[in-house]
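Trainee: I would like to see how this sequence folds:
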Amino acid sequence: MKSTCFTLSSFLMLTLPGSCCMAGLADAQGGAGASTVPFEARWSLALLPAGDSSLALNGQEAVPPASPGPASELSLEERANIYMARKMFREAIDMYSKIEPATPVTLNLIGIAYQQQFDHAAARQYYERAIEARPNYAEAINNLGTLCYVQGNYRRAISLYKRALRLQPDSPTIHINLGMVWLARHNENKWQRQLQDALELDPEIFERRGSCGALIEERSTTDRAKFDFYLARLYARSGKNELALQYIRKALECGLKERKQLLEDGDFAAVRALPEFDELMKQPPKVL
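Mentor: Residues are numbered from 1 along each chain as shown. This next block holds a predicted model:
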């Protein structure tokens, strides 16, 4: 059985609406607070709400549960978004379900909440309802793709991601998700192409925290090492040597075997000139 570097938490992106990502805590007076609480998890496929962004989930501690402000001050959607931001998914589902009439956006969000609880049957039902209500809903199509990916139905996942990209070709999140399927199927050319396309669309997608999206994918440490190594190479090619070094470290932590390429590959020439690179090679991190 393969060991995993991130159990069900690596790089799948579910898509969330912007309102969810900006949902703050209720302040001491019970109103909407100024704090911004991103969806947190540490997953690797991106679940998308409404309007693509890429929430990079960072696995921090959840905010202590507390009821959002008085119902008189917050709408059902606002309250539900706060529950989602706090990872209180059951409460979020209950609140979204009270919104009438149900919209494709709320159906998609309920699907995300169920998927976060690993209730895949319910998640599928709500994603499909969202798509039925809005056939061109790229975010829900992407999210259904993540569900297929998690369940090992790669052919169906590829079909759904391609469909979502036809509707939203400028989505770096969906490119990443499609790339993850090709990585799982050991098609290096195709997954690297998708990763490169994602970085061209949004060079900061892997560094940003708190935008909307969520990733979910189980990857072996070998796949994770390959992913981080290739990402390091892309950053090195674009002159972002500090980021390249950061991802080299991550690749080593996941047991990178291509160390010879780090020492000989021309793409890493500028990175090798950094004193930090020498230190990293002399004292590589312990493999996780």
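
Trainee: going forward, measure contacts and count neighbours with C-alpha atoms only.
Mentor: Will do.

Trainee: Run through who's touching stretch 118-127.
Mentor: Stretch 118-127 is touched from outside by 107-108, 110-115, 140-141, 143-144, 147, with contacts defined as Cα atoms under 8 Å, 6 or more residues apart in numbering.

Trainee: Buried members of those residues into PyMOL, please.
Mentor: The buried residues among the contacts of stretch 118-127 can be selected in PyMOL (16 or more other Cα atoms under 10 Å) with this line:
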select buried, resi 107+108+110+111+112+113+114+115+140+141+143+144+147
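
Trainee: Point out the ones among the contacts of stretch 118-127 that are inside helices.
Mentor: Counting by DSSP state H, those place 107-108, 110-115, 140-141, 143-144, 147 in helices.

Trainee: now those residues as a markdown table including distance to Ala198 and pLDDT?
Mentor: Formatted as a markdown table, the ones in helices among the contacts of stretch 118-127 follow (distance: Cα to Cα, whole Å; pLDDT from 0 to 100):
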| residue | distance to Ala198 | pLDDT |
| --- | --- | --- |
| Leu107 | 27 | 96 |
| Asn108 | 23 | 96 |
| Ile110 | 27 | 96 |
| Gly111 | 25 | 96 |
| Ile112 | 22 | 94 |
| Ala113 | 26 | 95 |
| Tyr114 | 27 | 96 |
| Gln115 | 24 | 93 |
| Ala140 | 19 | 96 |
| Ile141 | 18 | 96 |
| Asn143 | 17 | 95 |
| Leu144 | 20 | 96 |
| Leu147 | 21 | 94 |
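
Trainee: Make CSV from the residues you listed and add distance to Val287 to it.
Mentor: Output for those, formatted as CSV (distance: Cα to Cα, whole Å):
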residue, distance to Val287
Leu107, 41
Asn108, 38
Ile110, 38
Gly111, 36
Ile112, 33
Ala113, 33
Tyr114, 33
Gln115, 30
Ala140, 37
Ile141, 36
Asn143, 32
Leu144, 33
Leu147, 30
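
Trainee: And the strands in the stretch 1-150 of the chain?
Mentor: Secondary structure of the stretch 1-150 of the chain by DSSP state E, counting those that start in this stretch: the strands cover 4-6, 12-15, 45-48.

Trainee: as a whole number, average confidence for the second one?
Mentor: Mean pLDDT, taken over the full extent of strand 12-15, equals 60.

Trainee: likewise the last one?
Mentor: Mean per-residue pLDDT for strand 45-48: 70.

Trainee: Show residues contacting the biggest helix by length in the chain.
Mentor: Ranked by residue count under DSSP H, the longest helix found in the chain is helix 221-237. Helix 221-237 is contacted by residues 3-5, 183-184, 192, 195-196, 241, 243-248, 250-256, 267-268, 270-271 when judged by Cα under 8 Å, 6+ apart.

Trainee: and those, which are buried?
Mentor: Among the contacts of helix 221-237, those classed as buried by 16+ other Cα under 10 Å are 4-5, 183-184, 192, 195-196, 241, 243-245, 247-248, 250-256, 267-268, 271.

Trainee: Could you tell me which of these are located in helices?
Mentor: Judged by DSSP H, the buried ones among the contacts of helix 221-237 include 183-184, 192, 195-196, 241, 243-245, 247-248, 250-253, 271 as members of helices.

Trainee: and the host helix or strand of Lys260, how far out from the chain's middle?
Mentor: Element membership of Lys260, judged by DSSP states H and E, is helix 259-264. Mean-position distance between helix 259-264 and its chain equals 29 Å (Cα atoms, centre = their mean, to the nearest Å).

Trainee: ok so, going back, can I get the longest helix of the chain in PDB, CA atoms only?
Mentor: Only the C-alpha atoms of helix 221-237 are listed here, as PDB (Å, rounded to 0.1, in the frame of the first residue of the first chain):
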ATOM      1  CA  THR A 221       4.800  10.600  -1.900                       C
ATOM      2  CA  THR A 222       6.500   9.700  -5.300                       C
ATOM      3  CA  ASP A 223       3.900  11.700  -7.200                       C
ATOM      4  CA  ARG A 224       4.100  14.600  -4.800                       C
ATOM      5  CA  ALA A 225       7.900  14.700  -5.200                       C
ATOM      6  CA  LYS A 226       7.500  14.700  -9.000                       C
ATOM      7  CA  PHE A 227       5.000  17.500  -8.700                       C
ATOM      8  CA  ASP A 228       7.100  19.700  -6.500                       C
ATOM      9  CA  PHE A 229      10.200  19.000  -8.500                       C
ATOM     10  CA  TYR A 230       8.600  20.100 -11.700                       C
ATOM     11  CA  LEU A 231       7.100  23.100 -10.000                       C
ATOM     12  CA  ALA A 232      10.600  24.000  -8.800                       C
ATOM     13  CA  ARG A 233      11.800  23.800 -12.400                       C
ATOM     14  CA  LEU A 234       9.100  26.100 -13.700                       C
ATOM     15  CA  TYR A 235       9.900  28.700 -11.000                       C
ATOM     16  CA  ALA A 236      13.600  28.400 -11.800                       C
ATOM     17  CA  ARG A 237      13.000  28.900 -15.500                       C
END
